[in-house]
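[1] here is my input; please provide its structure:
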Amino acid sequence: MTELKRTPLHELHLSLGAKMVPFAGWEMPVQYKAGVMAEHLHTREKAGLFDVSHMGQVILRAPSGTAEDAARALETLVPANLLGLAEGRQRYGLFTNAQGGILDDLMIANRGDHLFLVVNAACADQDIAHLQTLDGVTVEPVTDRALLALQGPEAVGVLSGLVPDAAAMKFMDVAILDWDGVALWVSRSGYTGEDGFEISVPAAAAREFADRLLADAAVAPIGLGARDSLRLEAGMPLYGHDMDAGVTPGAAALGWSIPKIRRRDGARAGGFPGADVILAELAEGPAKKRVGLRPEGRAPIREGVAIFDAAEGGAQIGTVCSGGFGPSVGAPVAMAILPATLASGDTVWAELRGKRIPVSVADLPFITPDYKR
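    Residues are numbered from 1 along each chain as shown. The predicted model follows:
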């Protein structure tokens, strides 16, 4: 059995009473003493600190020393407008395969002379190998830095208390900021639906930095359990659940990440794996699409639950890909990829323990995001 990897904050998690679990080859905190519900609500109301050091951090460089040339190369793998990404800005993107499926989703930042990427932990090795197929660029995995996420309405006040320049950043800005002589790689982003930051910090300084953040009464440590319920309420898909190599961007409701310039008749149309499949589907509209679900009652419908088009008999039309109880919503919420003909307010049926319960199709997200535009 392969030994689980540990983040630079492992000892901190143990000292805080975290329940540790295996996740994507890492030993990670799923919750702390307060529990998932309290951690979730604290993040929505104040500020939560997440250790996301298991995510893959990668630098992509071109021999010319320009982010533009690195972006030009990366556009052959990612259907986004990376040449139009300004220095100091970040963008969401997808790795696609020849069949039009999604290999992973990632964040891409223009840092002037190179691109900085953050990829999912479970896909990091395959993503790095995928990037290494590119001609004329150097792929540099970053292995000596931790990655923290500070999320919630009080995140900006907390971080700017330590790093004043963070306050001026807008949603999806990136910057390298100084904290007591330590270079922090900061983006104003996150995966909770709240304002916040993701901060790459040298591993040697990670514990001290985390301690400083946690010293603020507004900040609580948050585990993977609440991270999942927060992103679910925010309608954000998770790789391996709501999208995978067999799910197209259109079906995953991620067509928005593919701009007009990369679509049919665009100035840089196609040129990425699966372009024919993906662009045809976006032009014609997908047959199925990821939607929100609101079950009646208090019982959550979780991943794997079958969705039918009738209370009895009928056909199975999909499967829940993410689901649970939404603490901020105060009710169960879920997502599934269902026929695109369904509209918000329509009723479908979930089969739960041999009994079908009515479920309303709902718009995403389930909460109103609070980003600093």
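
[2] tally of neighbours for the nearest residue in space to residue 351 that is not next to it in sequence?
    Distances taken as Cβ to Cβ, 6 or more residues apart in numbering put residue 306 closest to residue 351, at 4.8 Å, once the chain neighbours are dropped. In short, each C-beta sits where N, CA and C put it, glycine included. For residue 306, the neighbour count with other Cβ atoms under 10 Å is 16.

[3] before we move on, what about residue 144?
    10.

[4] now swap in the one 5 residues further on and tell me
    Residue 149 sits with 23 neighbouring residues when counted by other Cβ under 10 Å.

[5] and it, what does it touch?
    Residues near residue 149 by Cβ atoms under 8 Å, 6 or more residues apart in numbering: 49-50, 52, 190-192, 196-199.

[6] with residue 240 instead?
    Counting by Cβ under 8 Å, 6+ apart, residue 240 has contacts 120, 122.

[7] can you give me the domain boundaries for the chain?
    Structural domains assigned to the chain are 1-285, 287-373, following automatic domain parsing.

[8] just name the most buried of the ones you listed.
    Ranked by mean neighbour count, those are led by domain 1-285 with a mean of 19 (mean count of other Cβ atoms under 10 Å).

[9] what about residue 305, distance to residue 320?
    According to Cβ to Cβ, to the nearest Å, residue 305 and residue 320 sit 4 Å apart.

[10] now the common contact residues for those two.
    334, 350.

[11] other residues contacting the lengthiest helix in the chain?
    Using DSSP state H, we find that the single longest helix of the chain is helix 203-214. Outside helix 203-214, the residues that touch it by Cβ under 8 Å, 6+ apart are 8-9, 11-12, 49, 51, 53, 144-146, 148, 150, 158-159, 162, 179, 182, 184, 199, 201, 219-221.

[12] which of these fall within strands?
    49, 51, 145-146, 148, 150, 179, 182, 184, 199, 201, 219-221 (DSSP state E).

[13] nearest to residue 294 among those residues?
    Proximity of the ones in strands among the contacts of helix 203-214 to residue 294 (Cβ to Cβ) peaks at residue 220, which lies at 28.3 Å.

[14] let's verify the closest residue to residue 150 other than its chain neighbours: helix, strand, or coil?
    Using Cβ to Cβ, 6+ apart and skipping residues adjacent in sequence, the residue nearest residue 150 is residue 197, 5.0 Å away. At residue 197 the chain is in strand, as set by DSSP: H, G, I helix; E, B strand; the rest coil.

[15] what sits against residue 197?
    149-151, 155-156, 159, 166, 169, 186-190.

[16] check the spacing between the one residue sitting closest to the centre of the chain and residue 123 real quick.
    Closest to where the C-alpha atoms of the chain average out (Cα atoms, centre = their mean) is residue 191, at 5.1 Å. Distance from residue 191 to residue 123, counting by Cβ to Cβ: 15 Å.

[17] likewise for residue 335?
    20 Å.

[18] equivalent analysis for residue 233, please.
    Per Cβ to Cβ, residue 233 is found 24 Å from residue 123.

[19] swap in residue 34?
    From residue 34 to residue 123 the distance is 30 Å (Cβ to Cβ).

[20] with residue 312 instead?
    Residue 312 is 40 Å from residue 123, by Cβ to Cβ.

[21] thought residue 219 was touching residue 161?
    No. With contact defined as Cβ atoms under 8 Å, residue 219 does not reach residue 161; the gap is 10.6 Å.

[22] so what strands line up beside the regular element (helix or strand) spanning residue 318?
    Here residue 318, judged by DSSP states H and E, is contained in strand 316-326. Looking at strand 316-326 with DSSP bridges, its partner strands are strand 306-308 (antiparallel), strand 331-339 (antiparallel).

[23] what's the shortest one in contact with?
    Counting by Cβ under 8 Å, 6+ apart, the neighbours of strand 306-308 from elsewhere in the structure are 293, 314-320, 336, 338, 348-351, 356, 359.

[24] out of those, who's nearest residue 66?
    So of the contacts of strand 306-308, ranked by how close each gets to residue 66 (Cβ to Cβ), first place is residue 336, at 42.8 Å.

[25] beta partners for the closest one?
    residue 291, residue 320.

[26] now do the helices in the stretch 251-373 of the chain.
    Taking DSSP state H, counting those that start in this stretch, the helices of the stretch 251-373 of the chain run over residues 275-284.

[27] the stretch 1-150 of the chain now?
    10-15, 36-45, 67-74, 124-131.

[28] could you dump those to JSON lines with distance to residue 80 and mean pLDDT?
    Output for these, formatted as JSON lines (distance: least, Cβ to Cβ, whole Å; pLDDT from 0 to 100):
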{"stretch": "helix 10-15", "distance to residue 80": "34", "mean pLDDT": "98"}
{"stretch": "helix 36-45", "distance to residue 80": "28", "mean pLDDT": "98"}
{"stretch": "helix 67-74", "distance to residue 80": "8", "mean pLDDT": "98"}
{"stretch": "helix 124-131", "distance to residue 80": "15", "mean pLDDT": "98"}
